[in-house]
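In: sequence and predicted model, in that order:
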Amino acid sequence: MPGGGAVALALRLYGRELIRLRLLALPALLLPAVGNIGIRYIAPLLVAKLAGQAAADGGLTLTPALPYVLGFGAVLLLAEVVWRIGQHCLNRVGAIGTEHLYVLGMDELLAKDASFFHDNFAGSLTKRVLSFGRRFEDFVDTVTYRIVGSLVPLVFGAVVLWHYEPLLVAGLLLMIVLTAAAATPLIRRRQALVNDREAAVARVSGHVADSLTNMETIRAFAAERREAGEHRSRVAESRRLTLKSWDYGNLRVDTLVAPMSVLTNVLGLLVAIAFGGPGQGVEQIVVAFTYYSNATQIMFEFNQIYRRLENATTEAAQFTELLRDPPTVLDPAEPEPLAPRGTGIRFEAVTFAHEGAKPIFEGLDLDVPGGARIGLVGRSGGGKTTLTRLLLRMSDIDEGRLLIGGQDIRRLRQSDLRSLIAYVPQDPAMFHRSLRDNIAFARPHATDAEIHAAAAAAHVTEFADQLPEGFATLVGSGA
Ligand SMILES: Nc1ncnc2c1ncn2[C@@H]1O[C@H](COP(=O)(O)OP(=O)(O)OP(=O)(O)O)[C@@H](O)[C@H]1O
Ligand SMILES: [Mg+2]
């Protein structure tokens with residue numbers, strides 16, 4: 001579970017997006033609420049007035065009723081128009097906000113230190129960064145439809161009820177507050193059960209992924225039955241915890257809310273009857289009935305509002321928690337221009353330790369003159385790869401200096417430094433792109449002739465020319 005700081009950061013970034021898009025976000029948030037006022041409160045009010053009139057006149061003919069009926073239709077139509085405009089804005093806020101958050105998330109990841117990717121799996125990072133963008137939509141929908149869309153009309157309803165009878169407002173608000181207070185601990189408890197359930201689901205998918213990636217080993221040890229048994233037991237656990245959380249919602253939370261809602265509605269009707277002034281009894285009863293039944297719906301929504309907001313922010317926070325440690329390998333504030341004198345490399349009293357590990361180099365001095373070819377020999381894990389990665393500033397050294405052509409690499413721009421080095425990593429790297437794009441990765445504007453020459457030097461042409469699509473063939477393992 002991400003900490004409170006990460007949740008706050010997620011909320012801040014989502015809030016910043018709403019402010020950035022305020023010209024769209026304001027109508028997106030408010031217009032559905034205005035539409036709801038028309039549909040849930042103004043239209044019933046007209047019906048109540050009609051009923052009151054009918055009761056007063058001992059029946060109704062079309063002529064006096066017509067203005068109400070027309071007004072009723074106009075209000076509903078207008079509410080629909082307002083809703084559509086609000087929805088139109090909301091779609092844009094969701095889409096543009098998500099787009100911007102995807103970009104922001106990837107920019108943050110591209111700025112991370114190389115060691116960050118050593119400690120985090122690409123699969124989990126992918127899920128986190130994409131959820132961070134996508135959850136913005138859930139967040140905005142919940143705030144729009146369920147919070148603003150319910151609370152603003154509720155305030156409107158309260159004002160209207162006040163004109164009929166202040167006690168109607170007092171009773172309604174009191175009951176809503178009481179229900180919210182009583183339901184909150186149950187909703188929290190339910191959320192804990194939901195977390196248990198999600199953890200069980202994650203254990204199922206973790207095991208499935210693990211088995212699928214190691215299928216060869218499972219076959220070799222004839223372990224299919226054992227794996228299937230493990231899968232069955234994890235799925236059963238997931239089912240047990242899922243039912244537990246659903247039952248809690250149905251049997252505990254809603255069994256508290258339901259009687260409170262019934263009680264509130266009955267109370268509203270009683271107050272309307274008892275305090276109805278002469279001549280407005282019928283109208284007041286209809287208003288109280290419709291307004292109360294609309295308003296009490298919100299009692300059933302507490303649970304969902306809490307759950308949706310919590311889900312959206314927790315998922316977003318799983319990404320923002322990664323942003324709390326800022327990158328350490330940075331360009332200097334005033335980088336030196338690239339002006340190496342020669343290609344010699346010097347390590348001067350270099351000390352370096354991977355995070356949380358013992359130093360792998362202590363006071364290392366090494367001089368590689370320009371033009372020299374050297375090979376590093378040593379046991380596995382001795383630090384050969386680390387030495388070359390330090391030269392690229394994949395990590396920064398703790399003490400000493402590292403010079404190329406007499407320039408301290410820490411005083412250079414990272415892109416300038418890396419432009420000096422042709423790095424062939426120990427593990428082959430392959431993007432899920434065309435063969436041509438892979439070969440030209442270091443020089444995207446390379447000509448076809450240059451790409452061919454490089455391929456020929458690496459004996460790639462020998463098989464590339466056999467491929468039906470040649471250098472346009474997609475290689476690497478993509479999603
Ligand atoms: N990003 C990292 N974070 C933490 N520890 C690391 C990281 N990269 C390497 N190490 C550790 O640093 C040590 C040196 O690793 P390195 O890869 O440099 O060895 P090597 O000499 O290249 O080994 P090999 O011959 O197996 O390629 C090892 O103990 C390794 O586990
Ligand atoms: Mg190595």
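Out: Perfect, I can see it now. Ligands and ions are numbered 1, 2, ... in the order given.

In: where does His432 fall, secondary structure wise?
Out: For His432, there is no host helix or strand (DSSP states H and E).

In: thought it was touching Asn438?
Out: No - judged on CB atoms under 8 Å, His432 makes no contact with Asn438 at a distance of 9.3 Å. Where you see a C-beta, it was placed from the backbone N, CA and C, and this is true even at glycine.

In: neighbour count for these two, which is higher?
Out: Each of His432 and Asn438 had its neighbours counted (other CB atoms under 10 Å), and the higher figure belongs to Asn438 (19 against 12).

In: would you confirm that Ala25 contacts Val93?
Out: Yes - Ala25 lies in contact with Val93 (CB under 8 Å); the separation is 5.1 Å.

In: list the contacts for the residue of the chain most remote from its centre?
Out: No residue in the chain sits farther from the centre than Gly58, which is 59.2 Å out by CA atoms, centre = their mean. Taking CB atoms under 8 Å, 6 or more residues apart in numbering as the contact definition, Gly58 lies against nothing.

In: contacting residues around Gly268?
Out: Per CB under 8 Å, 6+ apart, neighbours of Gly268: 168, 171-172, 288-289, 291-292.

In: farthest-separated two in those?
Out: Using CB to CB, those span at most 13.4 Å, a distance reached by Gly171 and Phe289.

In: pick out whichever of these two has more residues nearby.
Out: Gly171 (19 against 16).

In: next one: stretch 301-321 to chain centre, how far?
Out: 9 Å (CA atoms, centre = their mean, to the nearest Å).

In: sort out which residues of that stretch are buried, please.
Out: 301-303, 305-321 (16 or more other CB atoms under 10 Å).

In: can you tell me what sits against it?
Out: Counting by CB under 8 Å, 6+ apart, 1-3, 5-7, 9-11, 13-14, 105, 128-129, 131-132, 135-136, 138-139, 142-143, 146-147, 150, 179-180, 183-184, 187, 190-191, 194, 249, 253-254, 257 sit against stretch 301-321.

In: may I see the ChimeraX selection of the buried members of these?
Out: Burial among these is assessed by 16+ other CB under 10 Å; the matching ChimeraX selection reads:
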select :2,6,7,9,10,11,13,14,105,128,129,131,132,135,136,138,139,142,143,146,147,150,179,180,183,187,190,191,194,249,253,254,257
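
In: which of the contacts of stretch 301-321 fall in helices?
Out: Secondary structure assignment by DSSP state H places 5-7, 9-11, 13-14, 105, 128-129, 131-132, 135-136, 138-139, 150, 179-180, 183-184, 187, 190-191, 194, 254, 257 of these in helices.

In: apart from its chain neighbours, what residue comes closest to the closest residue to ligand 1 within the stretch 201-350 of the chain?
Out: Here the stretch 201-350 of the chain gets closest to ligand 1 at one residue, Val329, 12.1 Å apart by CB to the nearest ligand atom. Distances taken as CB to CB, 6 or more residues apart in numbering place Asp113 nearest to Val329, at 5.0 Å, with adjacent residues excluded.

In: how many other residues sit next to that neighbour?
Out: So Asp113, with other CB under 10 Å, has 19 neighbours.

In: do the one 5 residues further on as well
Out: Counted with other CB under 10 Å, the burial measure for His118 works out to 11 neighbours.

In: kindly report the same for Leu417.
Out: Leu417, neighbours per other CB under 10 Å, totals 22.

In: need the contact list for it.
Out: 338, 392-393, 404, 409.

In: next one: Ala457
Out: Contacts of Ala457 (CB under 8 Å, 6+ apart): none.

In: gap between it and Ala372?
Out: 22 Å (CB to CB, to the nearest Å).

In: what's the answer for Val47, then?
Out: 92 Å.

In: please apply the same query to Thr313.
Out: 56 Å.

In: please apply the same query to Phe139.
Out: 58 Å.

In: can you count the residues close to the closest residue to ligand 2 within the chain?
Out: Proximity of the chain to ligand 2 (CB to the ion) peaks at Thr385, 3.1 Å away. Look at Thr385: counted by other CB under 10 Å, it has 15 neighbours.

In: and it, what's its pLDDT?
Out: On pLDDT, Thr385 comes in at 94.

In: ok, the one 5 residues further on next?
Out: In this model, Leu390 is scored at 96, pLDDT.

In: how close does Leu193 get to ligand 1?
Out: To ligand 1, Leu193 is 37 Å away according to CB to the nearest ligand atom, to the nearest Å.

In: looks to me like Asp365 is in a strand.
Out: Yes - judged by DSSP: H, G, I helix; E, B strand; the rest coil, Asp365 forms part of a strand.

In: how about the nearest residue to the residue nearest in space to the middle of the chain, chain neighbours excluded?
Out: The chain has Phe132 as the residue nearest its centroid, 2.4 Å off, counting by CA atoms, centre = their mean. Leaving aside its sequence neighbours, Phe132 sits nearest to Phe319 (CB to CB, 6+ apart; 3.7 Å).
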